[in-house]
Structures are given as C-alpha cells and as structure tokens.
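Novice: Sequence and predicted structure are below.
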Amino acid sequence: MRANRLRTIWQSGGAVVNGWLAIPNSFSAETMAHQGWDSLTIDLQHGMVDYQAMISMLQAISTTDTVPVVRVPWLEPGILMKSLDAGAYGVICPMVNTREDAQKLVAWTHYAPRGTRSFGPVRATLYGGADYAQHANDTIVTFAMIETAEALDNLDDILSVEGLDAIYIGPSDLSLALGCNPVFDDVDPKAAEAIDHILARAKAHGVVAGIHNGSPEGALKRIAKGFQFVTVSSDARLMAAGAQQVVARMRSTQPPKAAGAY
C-alpha cells in the first residue's frame, strides 16, 4: 500500500504543511497540489464542495505526492466511509465533543476487528494499492476537531481513545465557544491559553496536534511550540489575496487622467 507521508513526517519529528481547498474544481486542486504542499484538505464542511466535486479533486491531487485529506461535514458514518472509499488518506471530523464521539469516529474509520468501517474501497484501492484492505487501518490518519467548551472539558477522555491519531484545533470556533473574537492567529488570551492546554495534553497522550492558521508567520510560531500539522490559508483566500495585490499595485501606479478625459 502507498505510504502515508503524514505518518512519515511525524515519525521523523517534522511538521506537515497543509493547504486548504474550498473551491469545488479539479483544476484549482491540481494547481494547488503542484505547489509543494505536504497535504491538501478538501473542505466538505464550510467550503462549496460536494461529494462529486471531491472525487475529481482527489483525482487531481493524485497527480502529485501531496497527501489527500478530507474534512467531512459532521460526525456521521456514511460520509466518513465514503470519503475514505474515495481515496482520502486522512479525515478531519468537526465537533468531536466527548469520548463517545471519538470512539465512534475511530470505529467508523477502521475495519474490523478495530472498528466497524464497511468494506468497499472502490477508488481507495486505485490510489492506495491492491493490498489496501490489509494496511488501511495503520495507514489512514484520523483527526478529531477540538473546538468547543465541551470538548475542552472532556479533552483527556477524547485523547485517550485508542486509534485516534491526531486532533485539529479550529481557533475561530474555539474562540467563539470561550466568548472570544473568532480569529485564526492573534487569538484572545483565554483562547490562547486553551490552545496551549490542548497542545500540552495531546503531547502527553502521544497524539499529534494540528491547527488552522491565518498566515505563514502564525503557522511557524505554532510549529515552534510543537504543532505537527499546520494549515496555512486556502485556495480561495490565496486567489483573493494575489488578485488584491495586483489590483492595488496597478491602482497605485496608474497615471492621472488627462484634462477633459472620460
């Protein structure tokens, strides 16, 4: 089976640089994948992407060594299994708030006897290899999102669930849950304290910690703290930022109109 570079990077003590895909288009996904990201996450929760678009985006990412990850809309077995069957090598699941939630997540993403994932890797075998069934449980990466006050209260119970590989912090939702401003990088002190606490407890349990970031500078600071999976921006944000820079530059250098010109 094709190796999962996320695991390889983590085992070497490194950090995965992850990009985010919100545009439901295979060409934009292919373009992003050719830029050198360690992984790219297709966002089914808040992006414009549906399942059929996700398939073509996974196929586009497959033209590179970039690892395909999917953030599913919710903790629900059908979409988790279908995303893995489509060839995702990692799944990020939002709103995991209790130990029971984490147990369900692990069960639905692992084949028996470890879990209850139904067998039907229709595209996963094309991407992962003919021996997918024998190695999927040890290759696929499962992330639980920690983004609520309830999840904070149950943090150690969640992190102690066997088979949970990683957690992923959504700073905006976590900030809102704590009564703070919903931002990625310069979070309020209360949210910053919670993020540091989550990171420390994840390390104590041997679980990889990941987090969403708004800038390379913010992501680098979090890598220095010990995060091993950092998302930096999205295709939509990068397109908008690049266009804004071009337009601003053009507007700043356009000569004044001649007298009488329209």
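Specialist: Here it is on my side, so go on. In this text, all values refer to a predicted model and were calculated from it rather than measured experimentally.
Novice: Using the three-state scheme, assign Asp65.
Specialist: Assigned with DSSP: H, G, I helix; E, B strand; the rest coil, Asp65 falls in the coil class.
Novice: close enough to count as contact, it and Arg5?
Specialist: Yes: in this structure, Asp65 is within contact of Arg5 by Cβ atoms under 8 Å, at 6.8 Å. (C-beta placed from N, C-alpha, C; glycine too.)
Novice: quick one, which of these two is more surrounded?
Specialist: Taking neighbours as other Cβ atoms under 10 Å, Asp65 and Arg5 compare with Arg5 leading, 15 against 12.
Novice: which ones are touching the residue lying closest to that one once chain neighbours are set aside?
Specialist: With Cβ to Cβ, 6 or more residues apart in numbering as the criterion, Arg5 has its nearest non-adjacent residue at 5.1 Å, and that residue is Val67. Listed by Cβ atoms under 8 Å, 6 or more residues apart in numbering, the contact set of Val67 reads 4-6, 16, 38-40, 89-90.
Novice: and which of those is nearest Val187?
Specialist: Val16 (21.3 Å; Cβ to Cβ).
Novice: okay, now that closest one: neighbour count?
Specialist: Taking other Cβ under 10 Å as the definition, Val16 ends up with a neighbour count of 26.
Novice: Can you list phi and psi of it for me?
Specialist: phi -90, psi 130 (degrees, to the nearest 10).
Novice: now do Phe143
Specialist: The phi/psi pair for Phe143 (degrees, to the nearest 10) is phi -110, psi 140.
Novice: In contact with Leu159, which residues?
Specialist: Counting by Cβ under 8 Å, 6+ apart, Leu159 touches 167, 201-202, 204-205, 207.
Novice: Show me where the chain has its helices.
Specialist: For the chain, the helices defined by DSSP state H occupy 5-11, 26-33, 51-61, 77-85, 99-108, 124-128, 132-139, 149-153, 155-159, 171-177, 189-205, 216-225, 235-253.
Novice: The third one packs against which elements?
Specialist: On a contact count with 3 or more Cβ pairs under 8 Å, 6 or more residues apart in numbering; DSSP states H and E, helix 51-61 meets helix 26-33, strand 39-43, strand 67-71, helix 77-85.
Novice: what separates the longest one from the chain centre, distance-wise?
Specialist: When distances are taken as Cα atoms, centre = their mean, to the nearest Å, helix 77-85 is centred 16 Å away from the chain's centroid.
Novice: Return the alpha-carbon coordinates of it using CSV.
Specialist: Extracted in CSV, the C-alpha atoms of helix 77-85 (Å, rounded to 0.1, in the frame of the first residue of the first chain):
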residue,chain,number,x,y,z
PRO,A,77,-20.6,7.3,9.4
GLY,A,78,-21.8,7.5,5.8
ILE,A,79,-19.7,10.5,4.7
LEU,A,80,-16.6,9.3,6.7
MET,A,81,-16.6,5.9,4.9
LYS,A,82,-17.4,7.3,1.5
SER,A,83,-14.5,9.8,1.8
LEU,A,84,-12.1,7.0,2.7
ASP,A,85,-13.5,4.8,-0.1
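Novice: who touches that helix?
Specialist: Residues external to helix 77-85 that are found in contact with it (Cβ under 8 Å, 6+ apart): 44, 51, 54, 70, 72-73, 91, 93, 104-105, 108-109, 116-118, 120-124, 136, 140.
Novice: Give the ChimeraX command for selecting the buried subset of these.
Specialist: Typed into ChimeraX, the line below selects the buried ones among the contacts of helix 77-85, using 16 or more other Cβ atoms under 10 Å:
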select :44,54,70,72,73,91,93,104,105,108,109,117,121,123,124,136,140
